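1. Here is the input, now give the coordinates:
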Amino acid sequence: MNILVTGGAGFIGRWVVKLLLKKCHDIWVLDNLSNSTEKNLNEFKSDPHFKNFVKGDILDRFTVSKIFKNKIDICIHLAAQVDVQESLEDPKKALDVNVIGTFNLLEEARKHNTKFVLMGTCMVYDVASASKSIDENHPVKPLSPYAASKLSAELITESYHYGYGLPTVIIRPFNTYGPFQKSNLEGSVVGVFINRNLAGKELVVYGDGTQTRDFLYVEDCADFIVKAAFSERANGQTINAGLGKDISINELAFMITNDKNRIKHVPHHHPQAEIQKLLCNSSKAKEVLNWVPHTSLVEGIKRTEKSLKGDPI
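-> Got it, this is the predicted structure:
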């Protein structure tokens, strides 16, 4: 198939591209490189199925339209403004990129009857109780312009499915980590902690560190995304993916450094947008996609550390 991956030069995107090329699909990548690097794609450029990398923006309708003329069968839309703090400082950027950008792609998908896979986020969910995991029916409560813009993109995507019959699927992976992720961005706490630990520095924890996260290894995430893209049963659905185990940030820091004296707590820079507990219920992904994660957090941390050291994974 002909597949477009927006944000394909990014952390998750390059793993999705790698998996799709392994399955011998023809791939186009659209990325403005604002939060990524073309180097992530270098190893694929000699592959005959890697058709083109376009440095361009999803807000540029001419560029988007031109790519879709390649008879794109599936659009996997990963490009986004993803930083919570940045969205609080510049909400317009989050709304432009995540809402208008998604609309531009949906319009082209509608013209060409292209299946549309939207990367959502677990940050749209409301607070869960101490013992409850979060499934797709859990209440939503966007606590930041980032979360609101992503939820808006989801609603627009649903409207194209119900209004035009466009095959769409909304995917909500929980906190994804692993090799090729930048270690200076929000949401990459695993990489940040490993980098600082390797450098002999303190591990900085925002708030009291009791907040929990469900960490999903990136290759498991890519497998989830590709399965959703090719599943007819997934059309019209919203589907979570996570490891199914949460861990507090304090526990994560100690797991990586094994030294409580090197863990430093500082005031949270946006406590109003913090979700205290994130634990994924992935039962729908297993039922609809036959997907389950295969990489434990311990193993994923080992692979990420090897990558950051420059060793083969």
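
2. Give me the distance between Ile74 and His268.
-> 39 Å (Cβ to Cβ, to the nearest Å). (C-beta placed from N, C-alpha, C; glycine too.)

3. same check, this time on Asn281
-> The span separating Asn281 from His268 equals 26 Å under the rule Cβ to Cβ.

4. Ok, Phe230 next?
-> 40 Å.

5. Next: Arg61.
-> 38 Å.

6. pLDDT weak spots in this protein?
-> Within the chain, the ranges that satisfy pLDDT under 70 run 184-187.

7. And the strands in it, which stretches?
-> Ranges of strands in the chain, per DSSP state E, are 2-6, 26-31, 50-55, 74-77, 115-119, 168-173, 175-177, 203-206, 212-213, 215-217, 237-241, 247-248, 263-266.

8. what comes up buried for the fourth one?
-> Residues of strand 74-77 classed as buried: Ile74, Cys75, Ile76, His77 (neighbour count, 16 or more other Cβ atoms under 10 Å).

9. coming back round to it: could the strands of the chain go into TSV alongside distance to Glu89?
-> TSV is the format used below for the strands of the chain (distance: least, Cβ to Cβ, whole Å):
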stretch	distance to Glu89
strand 2-6	24
strand 26-31	23
strand 50-55	26
strand 74-77	24
strand 115-119	22
strand 168-173	25
strand 175-177	22
strand 203-206	16
strand 212-213	23
strand 215-217	26
strand 237-241	29
strand 247-248	27
strand 263-266	19
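
10. Tell me which of those lies nearest to Glu274.
-> strand 203-206 (8.1 Å; Cβ to Cβ).

11. which strands and helices sit next to that closest one?
-> Here strand 203-206 touches helix 189-198, helix 249-257, strand 263-266, going by 3 or more Cβ pairs under 8 Å, 6 or more residues apart in numbering; DSSP states H and E.

12. Save these as TSV, and put in distance to Leu151 and mean neighbour count too.
-> Converted to TSV, those look like this (distance: least, Cβ to Cβ, whole Å; neighbours: other Cβ atoms under 10 Å):
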stretch	distance to Leu151	mean neighbour count
helix 189-198	23	21
helix 249-257	24	19
strand 263-266	29	14
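
13. now these as JSON lines including distance to Lys306?
-> Formatted as JSON lines, the helices and strands packed on strand 203-206 follow (distance: least, Cβ to Cβ, whole Å):
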{"stretch": "helix 189-198", "distance to Lys306": "10"}
{"stretch": "helix 249-257", "distance to Lys306": "14"}
{"stretch": "strand 263-266", "distance to Lys306": "23"}
